[in-house]
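Colleague: sequence plus the predicted model coming up.
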Amino acid sequence: MTTAAVETLARAIVYRTRGSQHGGIVRLMSPGDLGEFLKPFVFLDLFGFDTTGGHKGFGLHPHSGIATLTYLIEGDTLYEDTTGEQGTLLGGGVEWMRAGNGVWHTGGPAPGVKRVRGFQLWVALPASEENAPAQSMYLAPSQVPQEGPARVLLGRYGAAQSAIAAPAPINYLAVQLKDGERWSYVPPAGHTVGWVAVNEGALEAGDDRGGPIGSGELAVFEESSAVIDFVARGDTSFVLGSAAKHPHELVMGHYSVHTSRATLDQGEAEIRRIGARLRQEGRLP
């Protein structure tokens, strides 16, 4: 009796994009396009700018109904938010802002920093948290746990678990592979949403019919719990997201994403209330 070899099928890549560029920001995902298919991941920016060009940061701006996670690849930044937190986030660190019912925050390069690079992700919150009090957390590089080549920005991978309490079943990892290095990601049970965005280098992944995923590109995998295998082409760094599908509708405001019109109205009312206070304090025009 002979045993036939069993061929395993690679998890298919169903969509690839280089997004749209506005100055030093590349928008790879937004709630009105890929966010609808990748929710709870609803927005992703890859940003990079030289401070010598006069870029002073993002200014005070509001959010509600979501959490934002900013991963600094390079460059220390100053931060401040209306929960009362302020300080300096070091390159390699993580800012987590659960906007909930409404918050304003700002960030900009620290003095002497010449270049800033990173990813900003928005996560749609479940109905139980979308109008909860705002909450922020700022993690130094040493506070971001690592398992193998993966730093755990949110969720859990192997024995490494983020200090941030994930609002739903979700993983967000920052991975670095050397040229030719292989790595396999085994999603937790129920994590059928999966994608990667490459910051540097190139990555063979999935069925790879379109060739390696290059720097500045986002690739979406078919909805499945199957393993995703990677091979680096050149020294490569990327972020990876996997999650259980967010079951709610995305109801959008200018800086907000909620599950219903009523919860959006509540969040935007709180944003206006905080904004009026900031104007009285002379912090907004």
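Modeller: Everything's here; your move.
Colleague: need the residue closest to the centroid of the chain.
Modeller: In the chain, the C-alpha nearest the mean C-alpha coordinate belongs to Leu121, at 2.6 Å (Cα atoms, centre = their mean).
Colleague: separation between that one and Ser184?
Modeller: For Leu121, the distance to Ser184 (Cβ to Cβ, to the nearest Å) stands at 23 Å. Where you see a C-beta, it was placed from the backbone N, CA and C, and this is true even at glycine.
Colleague: next: Leu278.
Modeller: For Leu278, the distance to Ser184 - Cβ to Cβ - is 48 Å.
Colleague: neighbour count winner among those two?
Modeller: A direct count of neighbours by other Cβ atoms under 10 Å for Leu278 and Ser184 places Leu278 higher, at 15 against 8.
Colleague: which SSE is the spatially closest residue to the more buried one that is not a sequence neighbour in?
Modeller: Excluding the flanking residues, the one nearest Leu278 by Cβ to Cβ, 6 or more residues apart in numbering is Leu284, at 4.4 Å. Secondary structure assignment for Leu284, by DSSP states H and E: no helix or strand.
Colleague: residue contacts, Leu284?
Modeller: The neighbours of Leu284, taking Cβ atoms under 8 Å, 6 or more residues apart in numbering as the test, are 60, 275, 278.
Colleague: out of those, which comes closest to Trp96?
Modeller: Nearest to Trp96 among the contacts of Leu284 is Leu60, at 18.3 Å by Cβ to Cβ.
Colleague: and the gap between that closest one and Leu125?
Modeller: Plainly put, Leu60 is 21 Å away from Leu125 if you go by Cβ to Cβ.
Colleague: so between the two, which is more surrounded?
Modeller: Neighbours per residue (other Cβ under 10 Å) separate Leu60 from Leu125, with Leu125 holding more: 26 against 17.
Colleague: buried sites along the top helix by length along the chain?
Modeller: What stands out as the longest helix in the chain, according to DSSP state H, is helix 261-280. Residues of helix 261-280 classed as buried by neighbour count (16 or more other Cβ atoms under 10 Å): 263-264, 266-268, 270-271, 274-275.
Colleague: same question for stretch 138-152.
Modeller: So, applying 16+ other Cβ under 10 Å, buried residues of stretch 138-152: 138-139, 144-145, 149-152.
Colleague: the residues you listed: which two are farthest apart?
Modeller: Tyr138 and Pro149 (24.2 Å).
Colleague: show me what secondary structure element comes after the biggest strand by length in the chain.
Modeller: Using DSSP state E to assign secondary structure, the strand with the most residues in the chain is strand 228-243. On the C-terminal side of strand 228-243, the nearest following helix or strand under DSSP H and E is strand 251-252.
Colleague: need the strands for the stretch 1-150 of the chain, in chain order.
Modeller: Assigned by DSSP state E, counting those that start in this stretch, the stretch 1-150 of the chain shows strands spanning 13-17, 20-22, 25-29, 41-50, 61-63, 66-74, 77-81, 86-89, 94-98, 103-109, 115-124, 135-139, 146-147, 150-154.
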